[in-house]
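>>> Following is a predicted model, sequence given first.
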Amino acid sequence: MYIIAALYHFTRLADPAALQAPLKSICLSKAVKGSLLLAPEGFNGTIAGPRVGIDAVLAYLRAIPDCADFEHKESFSQNPPFARMKVRLKKEIVTMGQPDIDPCARVGNYVDAADWNTLISAPDVALIDTRNDYEVAIGTFDGAVDPETKSFGEFPAWWAENKDRFHNKRIAMFCTGGIRCEKSTNYLLGQGVSDVYHLKGGILKYLEEVPATDSKWQGECYVFDQRVSVGHGLAPGSYIMCHACGRPVAPKDKSHRHYEEGVSCADCFADYSEGDRDRFRERQHQIDLAKKRGKNHIGRKTGITLE
């Protein structure tokens, strides 16, 4: 059984580069794999491994000044969600491209999962999904507005073009684990929106705590690892990943003429040349050979970077 820990924390790191090597060393020594991002504004990532390993990494991060009380979310998998461990330095832990954004200064009002249904059912509340288009496509809250963004950096431009739609509305926002809403609510407050709310712990916390019988969630939730999607109770979903582009593929889409395992899906077929697909076929061949030997092939795409 693998423990999967999704985590983030906004804090001012004086020297993120000094943390990179020791953090990766702890992860490798404790059989923890996944991805962690370090930036001057904090850290973000998802890791998986044995209980003792996850606890060791969390203890290291909580020992950083002003990080003792950060929260994380856990789920479980019978199969290894990641093939390798990456610790990267970034300008931002989630890319919005707005230099004046500072979630450490102020964010919107947190709303617990138990209170979310009441808030979003109010007639004066506009509900906005801050995730990317491929995530929204497989599941979202009933009645949510989809900005149809391909990356989080497109959100400010979308808001500038659409803000008049939300005049005299309270704004409720949500994302997978909560990190994007830390920035998007700070951005809206800076734009003069007074009543801004966001789902504490994100969709994952909602699916973990709210029974399916009471849920306003429709579909599944995309996650950034080999599980691809989860449902209520964080049970594994029905989607698989296209290992060419990293996007989710529904069971029915596996019969599409452009779907080929490890090579292409209906969404990305036109994005690659036949030469690219030949390379992907060879990669898939090596993956299949590794699988027969009982090993993981580390060259496989394991998800789309959270932006």
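Received the coordinates, thanks.

>>> Going by residue numbers, what spans are helices in the stretch 151-300 of the chain?
For the stretch 151-300 of the chain, helices defined by DSSP state H, counting those that start in this stretch occupy the ranges 155-162, 179-190, 202-209, 274-292.

>>> would you list those in a markdown table and tack on mean pLDDT?
Shown next, in a markdown table, are the helices of the stretch 151-300 of the chain (pLDDT from 0 to 100):
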| stretch | mean pLDDT |
| --- | --- |
| helix 155-162 | 97 |
| helix 179-190 | 97 |
| helix 202-209 | 96 |
| helix 274-292 | 90 |
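
>>> With Asp69 as the reference, name the closest of those helices.
Ranking the helices of the stretch 151-300 of the chain by proximity to Asp69 (C-beta to C-beta) places helix 179-190 first, at 15.1 Å. For every residue, glycine as well, the C-beta is placed using N, CA and C.

>>> before we move on, back to that, would you point to the one among the helices of the stretch 151-300 of the chain that's packed deepest?
Comparing the helices of the stretch 151-300 of the chain by mean neighbour count (mean count of other C-beta atoms under 10 Å), helix 179-190 comes out on top with a mean of 24.

>>> Show me the contact partners of it.
Around helix 179-190, the neighbours that count as contacts under C-beta atoms under 8 Å, 6 or more residues apart in numbering are 8, 10, 44, 93-94, 96, 98, 100-103, 105-108, 130-131, 152, 155-156, 159, 171, 173-175, 196-199, 202, 306.

>>> I'd like to check the angle between it and helix 155-162, please.
Helix 179-190 runs at 50 degrees relative to helix 155-162, counting by axes from the mean of the first three to the mean of the last three C-alpha atoms, to 10 degrees.

>>> how many neighbours does the nearest residue to Gly53 once chain neighbours are set aside have?
Ranked by C-beta to C-beta, 6 or more residues apart in numbering and with sequence neighbours excluded, the top spatial neighbour of Gly53 is Lys30, at 3.3 Å. Using other C-beta atoms under 10 Å, Lys30 is surrounded by 18 other residues.

>>> what's the answer for Tyr60, then?
Tyr60 has 17 neighbouring residues, counting by other C-beta under 10 Å.

>>> which residues touch it?
Listed by C-beta under 8 Å, 6+ apart, the contact set of Tyr60 reads 22-23, 26.

>>> Can I take it that it is in a helix?
Yes: using DSSP: H, G, I helix; E, B strand; the rest coil, the secondary structure at Tyr60 is a helix.

>>> Distance check, it against Val32.
As judged by C-beta to C-beta, to the nearest Å, Tyr60 and Val32 stand 11 Å apart.

>>> between the two, what contacts are shared?
Any residue near both Tyr60 and Val32 by C-beta under 8 Å, 6+ apart counts here, and that gives Ile26.

>>> hang on, isn't Val145 packed against Ala126?
Yes: if you go by C-beta atoms under 8 Å, Val145 and Ala126 touch, sitting 6.6 Å apart.

>>> Adding distance to Ser255 as columns, could you present the helices of the stretch 151-300 of the chain in a markdown table?
Shown next, in a markdown table, are the helices of the stretch 151-300 of the chain (distance: least, C-beta to C-beta, whole Å):
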| stretch | distance to Ser255 |
| --- | --- |
| helix 155-162 | 34 |
| helix 179-190 | 33 |
| helix 202-209 | 28 |
| helix 274-292 | 18 |
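
>>> who wins for proximity to Gln78 among the ones you listed?
Once the helices of the stretch 151-300 of the chain are compared by C-beta to C-beta, helix 274-292 is nearest, at 15.8 Å.

>>> re the thing from before, just the buried ones from the contacts of helix 179-190?
Neighbour-count burial (16 or more other C-beta atoms under 10 Å) applied to the contacts of helix 179-190 gives 8, 10, 44, 93-94, 96, 98, 101, 103, 107-108, 130-131, 152, 155-156, 159, 171, 173-175, 196-199, 202, 306.

>>> returning to that earlier point: between the helices of the stretch 151-300 of the chain, which one is closest to Ile4.
Minimum separation from Ile4 across those (C-beta to C-beta) falls at helix 202-209, 10.2 Å.

>>> where exactly do the strands run in the stretch 51-200 of the chain?
Listed in chain order, the strands of the stretch 51-200 of the chain (DSSP state E, counting those that start in this stretch) span 72-77, 85-89, 109-111, 125-129, 139-141, 170-174, 196-199.

>>> ugh, wrong one, the stretch 201-307 of the chain
217-219, 221-222, 229-230, 240-241, 248-249.

>>> And the third one, what does it pack against?
Read it as strand 229-230. strand 221-222 (3 or more C-beta pairs under 8 Å, 6 or more residues apart in numbering; DSSP states H and E).
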